[in-house]
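Undergrad: sequence and predicted structure below; questions after.
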Amino acid sequence: MQLVLEKRAERSGTIALVSPLIAIGLTIVTMTILFAILGKNPLLALHAYFIAPLTDGYSLQEIAVKATPLVMIAIGLSLCYLANAWNIGAEGQFLIGAVAGSWIAVKTQGTDAGAWVLPAMLVLAAAAGALYALIPAICKVKFGASEILTSLMLVYVADLFLDYLVRGPWRDPHGFNFPTTAEFDPVATVPLLIEGGRLHLGSIIALLVVAAAAILLGRTIKGFEIRVVGAAPRAARFGGFNANQLIILTFAVSGALAGLAGIIEVAGPVGHLQPGISPGYGFTAIIVAFLGRLNPLGILIAGLFLALTFIGGEQAQIAMKIPLDVTKVFQGILLFYVLACDSLILYRFKLVFPNRQVARGTH
Amino acid sequence: MQAHQRMLDPTPNGLHSGESPLLQTLGLTKRYGDFLANDSIDIDIWPKEIHALLGENGAGKSTLVKAIYGLIQPSAGEIRWQGQPIVLSGPSEARSRGIGMVFQHFSLFDNLTVAENVALGLDGKESFKDMSARLEQVSKTYGLPLDPRREVWQLSVGERQRIEIVRALMQDPKFLILDEPTAVLTPQEADQLFIVLERLKAEGRAILYISHKLEEVKRLCDTATILRGGKKVETCNPRLETAASLARMMVGGEIKEVKAPAGRQTTVPRLVVNDLSLAPSEAHGVRLEHISFELKGGEILGIAGVAGNGQDELFAALSGERLSKDPGTVVIEGIAAGHLSITQRRKLGAAFVPEERLGHGTAPRMKLSENALLTGHAASGMVRRGFIDTAATLKTVDRATETFDVRKAKRDPEAASLSGGNLQKFIVGREILRNPAVLVVSQPTWGVDAGAAAVIRQALLDLATAGAAVLVTSQDLDELAEIADRIAVMFHGRLSAPLATSEATREKLGLLMGGSSLEPKEAAHAVGA
């Protein structure tokens, strides 16, 4: 008897929907074992992770705030991944967007610059993120360099560049030598939706991005082009679609969205530029994109779920002294199971009993 | 010896009474999920027999052969070798017992020499030097000339096939399986192969010969087993049957005859190719050299030739998947188009059907409506201001379904879920419904069942009658004879002058396919200048 993977005749639509749920289930089982090994009560830990954050208004707002950058970045990444362009460097594009937008905030600090500041910051951040993403895209198209490696390496360049700025030229003179800029002026800050709350305008922008992506992919010829280039490259060329142009386009769009998410994070919840503005949003968004089946609505749900793990992780740290790194372990295990379960869309498990009643050879 | 055998032939099973067959399958069944690829097949193969295995695509020929060669395990039934039941763990066990196979698609490394390729396929422990010597000896003995030191990429398709045959013969098989061996050969090369096969038979070996060329089977084979829909229909003596009766057994009914409508008239040139030369885009690709032809409305031009002589490159150059620096090399509807993209060429009224259905002609995992959009987005009103008109794409699917009898499980399934014939009808239909001025189609009925092939050929004839210019590339000479007005031959990236179909005999085409020139020596000077 042996277990084999057998190819399905047609892709299974049911599994495509259920696969993320199976993955989440398997992740929870694995985490339960992990909590038990760490000597924590698994039930209490799971409660802290998944239930507690949903029970108070502050945490709910915080989930939406954390989901905002995840969803915006993941939407951009999903366009890349659908078109078979592997942008792994959204974290870097996020940071460069934050830096570029902050430049206007820093330069207008203390002046009487008007309401144009925030829109200008958003536009510049998106443009900078797009340009930064174009570096790996152009290297790929012109020289055949692996965009996976180049985009990933540029993350560290962006990280260190931000570090240099806030420790050097942009450091707040009154900041007790902490590596941070001064708090941004009100005109350079993303407005809150509820006075005294946490929810800000960025979440609305993220919802608009989701809607735009849904229309792009579902209704327009450009969206069809993205899907067909990824699904069947040779057929796409036969259809008259240029894969290289699309690598450039999807990288630029995803870089722009990551950059926009970066400045919204800095000019919103954080309020100033400093190292560590991202707890790995650009990488977690990769999980969000795949958990959401590269589908805009799915990404919205997956983004909220991953945000829950961030908030839950913080609560578990406070309440049960579970290290925050366990959250990253959780996210890694989740991606692993999502990708593994995806193979069930095209394949199925089958028990095989080989036909051995016939005597072997000359026996 | 042979005469003796033939005299006794009329009752294949009665002949051998008392002896046991070399290889026998009893109730051999192979199940894939709910699908029965082979349903309880009994077949007896005797020494000194060339046994044809006939059937349409999907009849179960490949499955049966794979089971006999140990590539797959049958779900039920048994295989007997010299009277003993056996279970083959894999092809190497099949080879060690004396079962050899020559596949339709060669498994050769282009950058290795003939001897190196043969060495890789042998299981023995012989030294490379001994093996090379034996290779040369075997190839000489059987009249299959091969230079062991040449690299495979320099060889013709016929020579590559010789490597595979010699490799199989070096194992001294008692039983040799050949999968559509003549599909890639010129008529003359096929004749040479038959001499080799007759000789192998005379030596006492058995051959299982898979083919769908019925005349060939009648000429060569002693016995024929016909499969249809996974079941054995009959075992008979093909020499006592007609090609039509064999075809009826294969198809299970009459095949509609393709009729050329009367009164077809040619009009203005709609596709003109002027001195088109193009360097290959990949290593070992074919260079197109000085290709010129003119195709008028109402006319079908056939391009014959052995695969790999530049047909794929010509298709890419005509479709615009590869661009030419000189716009004048390809002229569509009077407009220089050599530099135009495939979308722009479609807008000029051209339509294209590539050889590969899945992955080139369609995106396999996308719906038919999306695949209608794939080639229709430029010029069929399916897109308005960047937005897709889903109703229009579905309408194309419905019209193609209706006009060309596309059979499918639901209204808009994934392309990959259709059978080869139905998908090809959809693809051809999708292009014809756009009323193209020029249609370039490559291998229109390759791997398609006889019924669908007839529908497609009729559609091409009707399109030409309606005034379009149709260019058909095919390896099937019978197909070209049936529908083309003129036939040209591709060889090593060059295209011969077209012959009127009435003058294009198999002999003439065969010579051109082998690279010979038709002109007498003294006239060649005048033409060549």
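TA: Sure thing, it's come through.

Undergrad: so where's chain A uncertain?
TA: A:1, A:9-11, A:352-363 (pLDDT under 70).

Undergrad: quick one: the helices in it, in order.
TA: Using DSSP state H, the helices of chain A run over A:13-37, A:42-46, A:57-82, A:90-107, A:117-143, A:147-167, A:201-219, A:221-231, A:233-238, A:243-265, A:281-291, A:296-320, A:325-346.

Undergrad: got TSV for those, with distance to residue B:306 and mean neighbour count too?
TA: (Each C-beta comes from the backbone N, C-alpha and C, glycine too.) As requested, the helices of chain A are arranged in TSV below (distance: least, CB to CB, whole Å; neighbours: other CB atoms under 10 Å in any protein chain shown):
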stretch	distance to residue B:306	mean neighbour count
helix A:13-37	43	16
helix A:42-46	67	16
helix A:57-82	40	25
helix A:90-107	50	28
helix A:117-143	36	21
helix A:147-167	40	18
helix A:201-219	44	18
helix A:221-231	33	22
helix A:233-238	23	21
helix A:243-265	31	27
helix A:281-291	46	26
helix A:296-320	50	21
helix A:325-346	36	18
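
Undergrad: quick one: residue B:476 and residue B:444 touch, right?
TA: No. Counting by CB atoms under 8 Å, residue B:476 does not reach residue B:444; the two are 9.3 Å apart.

Undergrad: those two - which one has more neighbours?
TA: Each of residue B:476 and residue B:444 has its neighbours counted (other CB atoms under 10 Å in any protein chain shown); residue B:444 has more, 24 against 19.

Undergrad: what secondary structure does the closest residue to that one other than its chain neighbours sit in?
TA: Using CB to CB, 6 or more residues apart in numbering or on different chains and skipping the chain neighbours, the partner closest in space to residue B:444 is residue B:456 (5.2 Å). Three-state call for residue B:456 (DSSP: H, G, I helix; E, B strand; the rest coil): helix.

Undergrad: got the contact list for residue B:456?
TA: Residue B:456 is in contact with B:404, B:424, B:425, B:428, B:444, B:445, B:448, counting by CB atoms under 8 Å, 6 or more residues apart in numbering or on different chains.

Undergrad: check residue B:477 too.
TA: B:187, B:304, B:506, B:509.

Undergrad: ok now stretch B:49-68, how far from the chain's centre?
TA: A distance of 16 Å separates the centroid of the chain from that of stretch B:49-68, by CA atoms, centre = their mean, to the nearest Å.

Undergrad: let me fix that: stretch B:435-447
TA: How far stretch B:435-447 lies from its chain's middle: 15 Å, per CA atoms, centre = their mean.

Undergrad: likewise for stretch A:86-102?
TA: Between the centre of stretch A:86-102 and the centre of its chain there are 12 Å (CA atoms, centre = their mean).

Undergrad: then stretch A:225-234?
TA: In this view, stretch A:225-234 has its centroid 22 Å away from the chain centroid, taken as CA atoms, centre = their mean.

Undergrad: that stretch near chain B anywhere?
TA: Yes. Residues of stretch A:225-234 are located near chain B by CB under 8 Å from any CB of the partner chain, namely A:227, A:228, A:231, A:232, A:234.

Undergrad: dump the residue contacts of the residue nearest to residue A:326 when sequence neighbours are not counted.
TA: Nearest residue to residue A:326, sequence neighbours excluded (CB to CB, 6+ apart): residue A:313, at 6.7 Å. The contact partners of residue A:313, by CB under 8 Å, 6+ apart, come to A:49, A:322, A:324, A:326, A:327, A:330.

Undergrad: since we're on residue B:498, how many residues are nearby?
TA: Per other CB under 10 Å, the neighbour tally for residue B:498 reads 19.

Undergrad: how far away is the residue lying closest to residue A:72 once chain neighbours are set aside from residue B:393?
TA: In space, and not counting its chain neighbours, residue A:72 is closest to residue A:261: 4.2 Å by CB to CB, 6+ apart. Using CB to CB, to the nearest Å, one gets 35 Å for the distance from residue A:261 to residue B:393.

Undergrad: wait, isn't residue A:110 in contact with residue A:186?
TA: No. Contact criterion CB under 8 Å: residue A:110 and residue A:186 do not qualify, at 11.9 Å.

Undergrad: which secondary structure element is home to residue B:411?
TA: Counting by DSSP states H and E, there is no helix or strand that carries residue B:411.

Undergrad: ok, now which ones touch it?
TA: B:394, B:397, B:398 are the contacts of residue B:411 under CB under 8 Å, 6+ apart.

Undergrad: residue A:307 now?
TA: So residue A:307 contacts A:63, A:64, A:65, A:66, A:67, A:70 (CB under 8 Å, 6+ apart).

Undergrad: ok, residue A:322 next?
TA: A:35, A:38, A:40, A:45, A:48, A:313, A:316.

Undergrad: ok, the third one - contacts?
TA: To tie it back to what came earlier, the one meant is residue A:40. By CB under 8 Å, 6+ apart, the neighbours of residue A:40 are A:320, A:322.

Undergrad: likewise for the first one?
TA: Counting by CB under 8 Å, 6+ apart, residue A:35 touches A:41, A:42, A:45, A:46, A:322.

Undergrad: reformat those residues as a markdown table; add distance to residue B:167.
TA: Output for those, formatted as a markdown table (distance: CB to CB, whole Å):
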| residue | distance to residue B:167 |
| --- | --- |
| A:41 | 67 |
| A:42 | 61 |
| A:45 | 63 |
| A:46 | 62 |
| A:322 | 63 |
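
Undergrad: low-confidence ranges, the stretch 401-529 of chain B, go.
TA: Along the stretch 401-529 of chain B, the model assigns pLDDT under 70 to residues B:518-529.
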